[in-house]
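# sequence and predicted structure are below.
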Amino acid sequence: MDAATRPTVRNVALVGHAGSGKTTLAEALLLRAGAVPRAGRVEDGSTVCDHEPEEVARGSSVALGVADLDWTCSQGSAHRITLLDAPGSPDFAGAVDAALAVADLAVVVVSAVDGVQSGTEAAWRRCDEAGTPRLVVVSQEDRARADFHRVLDQVRDLAARTGHDPAAVLPLELPLGEEQALHGVADVLSDRGLDYGADGRHRDCDLPADVADEEHRLHGEVTEEIVAHDDDQLEQYLSGEEPGPADLERTLAREVASGGAVPLLVASAATGVGIDRLADLVCEIGPAPTDRPARLRVGGGGPEDGAETDLPADPDAETVLHVFRTVADPFVGQVSVFKVLSGTVRSGDRLVTATGAEERLHGLFRLRGREHLPVDAVAAGGIAAVAKLGSAPTGSLLASRAQPVRPAGLPPRRPVLGVALVPVSQADDDKLSGALTRLAAEDPTLVVERTAHQAVLRGLGDAHLAVAVERLARVFGVHVTTEPVRIAYRETLARSAEAEGRLKKQSGGHGQFAVVQLRLSPLPPGSGFAFVDSVVGGAVPRSYLPAVERGAAEALAAGGPLRHPVVDVQVEVYDGKAHAVDSSDMAFRTAAAAGVRAALAAAGTVLLEPTVRVTVVVPPEAQGDVLGDLSGRRGRISASSTTDDGRVRIEAVVPEAEVVRYALDLRALTGGRGEVLLEPGDYDVRPGHLAPV
């Protein structure tokens, strides 16, 4: 297919609050485009985008759904739209980031019944951070208690609170009827009514009297707002010549791409009202990949280090593609979903990762949920998938030659909740490490940690971790139970103490003999373990001193009187005795451990607890509740400030034991509008009046 006839591409992320109708809207678009014979239902688990067993069981999205459709606009131009259906739950916010990393337009879906909610605000702010243009769709207009005007006011208020001009939210449609009476829309740009039939197609109609006046007023306001951004149109408008809808759309398209305008539309998946108009406008005023060069980061050690550069979406340039999602399929193996940032990739091409690992792309295909649609080539801007890439986890770039670049996307999300995994059987234990590595390669918001006694999986919430555990069993055949993550308490000396460690055994032949005189002293916090040799006169031969040090370190690690490892201690050996025949490394190692235990018992210890540096960002009205809650958790408030968008940032240091499930408690406390960052802190003395641990 040559460039003249190749469909133009639109990559669209559907984002918003959970339950606002994103997946149902995607289903309606697929049905209206003829991509599916009938619409599935979320309640039945039959939708295209929610096809994973974990999604069917929960009746909600838990992963990023990808679905292609071909669309011919009312003007006759052919387009290929890739829908990226992102979950609305904050537990799966990593999927929103993945969608925004490759989308050229975000469709923020807002329920006409529930209005702007915490998930709407979170998606809106993430679009700001990603620099992604947006379009708002008011969904579920056919339901009881639908209120378009309330939603319009709320979206404009959200725009104002996040530093946008509320006048830039442009209602391009008004509903004709609401709730059960919904039957069409008023097209504000063309100043006409559109009535929908049962086939989901519209035809012109007269505007009802109760809508006509408002529509004409909005037509004037929207027209003035659009022409204000084009000098030629503004001059014509001021001279009495009003631009036509096509001219307005061209100017509006530029403003949408730059983020200067946010169109607002009406769509009802249940009745088909506005669905074709949404698809048309996504293609007509939504940005194409050629309008938005990919941002890459060159050099630097960390994910946010290095210089940024633009990579235009040129199909004739060097091939570069971005793997933005990977999923382990029990039948196909690993499936890598990618966007071609530059060049054209063909089935059988060999590309390399930034580390130089070569990958061959066998059998490219487009995705429509679980359906694989084979394709021979994908040009710049297109999204497709390939199976069995072994060296390209989520976030990888592949190119025709190795390059030290990576996507300059959103800052990575930090985990806020953890569980310890306990294998059900030895066979599960043997496979657990490899399965966790593959799971984390699929989802960068999952972090795997290994402590001395536990395998810990950390993520963004309860549901996130529960789905990960289910996938461990279903996809990788690894069955585990979960338990709380153990708090890494420590002990330190309450005061200095001296003790003798002695070992003397004789049972025929060579015996065991060693004596060490030890002095234990507390060190400043964070110093760890120090060993000092003060022996004079060779009372303890130098060849045995490493064994003394090892024995002392092992005794401290084994735990003090409270059975927790002892830290920040200096162990000094200043005297001792040895036997020419019966002394050995093992004897001095054992004697040193006994001496350390005796000194710990004599001096006593203080219990130390780990702390966490907590950074919370909340609406101003929640500040008092959050401060009180943190104080009740024994938190020390270190700073409080106001963010650029008017929210409040609170910084505190809180004992780790008090914030194990803080992210979930904060959601409840703030109605889902609070954000939290948890970072490891130092150790503090645990108050003696608290229950022992």
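Yep, that arrived.

# I'd like the next helix or strand past the longest strand anywhere in the chain.
When the chain is parsed with DSSP state E, its longest strand is strand 605-618. Moving toward the C-terminus from strand 605-618, the next helix or strand (DSSP states H and E) is helix 623-632.

# report the rounded mean pLDDT for that next one.
The pLDDT scores in helix 623-632 average 96.

# what angle separates it from strand 605-618?
Helix 623-632 and strand 605-618 meet at an angle of 170 degrees, taking axes from the mean of the first three to the mean of the last three Cα atoms, to 10 degrees as the criterion.

# by contact count, what packs against helix 623-632?
Using 3 or more Cβ pairs under 8 Å, 6 or more residues apart in numbering; DSSP states H and E, the elements in contact with helix 623-632 are strand 605-618, strand 636-642, strand 648-655, helix 662-670. C-betas here are computed from N, CA, C, even on glycine.

# strand partners (parallel or antiparallel) of the longest one?
Right, strand 605-618. Strand pairing for strand 605-618, using DSSP bridges, gives strand 490-493 (antiparallel), strand 648-655 (antiparallel), strand 675-685 (antiparallel).

# next one: the shortest one
Sheet partners assigned to strand 636-642 using DSSP bridges are listed as strand 648-655 (antiparallel).

# contacts for the partner strand, please.
For strand 648-655, contacts defined as Cβ atoms under 8 Å, 6 or more residues apart in numbering pick out 609-620, 622-623, 626-627, 630, 633-643, 662, 681, 684, 686.

# can you point out the buried residues in stretch 547-555?
Within stretch 547-555, the residues scored as buried using 16 or more other Cβ atoms under 10 Å are 547-553, 555.

# quick one on the thing from earlier: which one of the strands paired with strand 605-618 lies closest to L410?
Across the strands paired with strand 605-618, L410 has its closest neighbour in strand 675-685 (13.4 Å, Cβ to Cβ).

# quick one: contacts of the closest one?
Residues from elsewhere that reach strand 675-685 (Cβ under 8 Å, 6+ apart): 414, 416, 490, 525-526, 567, 606-618, 653, 655-656, 659, 662-663, 666.

# please repeat the previous calculation with a cut-off of 7 Å.
Contacting residues not belonging to strand 675-685 are listed as 414, 416, 490, 525-526, 606, 608-617, 653, 659, 662-663, 666 [Cβ atoms under 7 Å, 6 or more residues apart in numbering].

# what of stretch 224-243?
Applying Cβ under 7 Å, 6+ apart, the contact partners of stretch 224-243 are 167, 170, 223, 247-248, 251-252, 255, 260.

# which residues of the stretch 151-300 of the chain fall in strands?
Assigned by DSSP state E, counting those that start in this stretch, the strands in the stretch 151-300 of the chain fall at 169-171, 173-176, 184-187, 192-196, 202-205, 262-266, 294-298.

# now the ones you listed in a markdown table, with distance to T326, mean neighbour count and mean pLDDT?
Rendered in a markdown table, the data for those read as follows (distance: least, Cβ to Cβ, whole Å; neighbours: other Cβ atoms under 10 Å; pLDDT from 0 to 100):
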| stretch | distance to T326 | mean neighbour count | mean pLDDT |
| --- | --- | --- | --- |
| strand 169-171 | 36 | 23 | 97 |
| strand 173-176 | 38 | 24 | 96 |
| strand 184-187 | 40 | 25 | 96 |
| strand 192-196 | 40 | 20 | 94 |
| strand 202-205 | 40 | 14 | 92 |
| strand 262-266 | 32 | 24 | 97 |
| strand 294-298 | 19 | 19 | 86 |
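
# in TSV: these, plus distance to T309.
Below are the strands of the stretch 151-300 of the chain laid out as TSV (distance: least, Cβ to Cβ, whole Å):
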stretch	distance to T309
strand 169-171	33
strand 173-176	39
strand 184-187	41
strand 192-196	44
strand 202-205	44
strand 262-266	28
strand 294-298	5
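
# circling back: of the contacts of stretch 224-243, which is the nearest to C127?
The shortest gap between C127 and any of the contacts of stretch 224-243 belongs to G260, at 13.8 Å (Cβ to Cβ).
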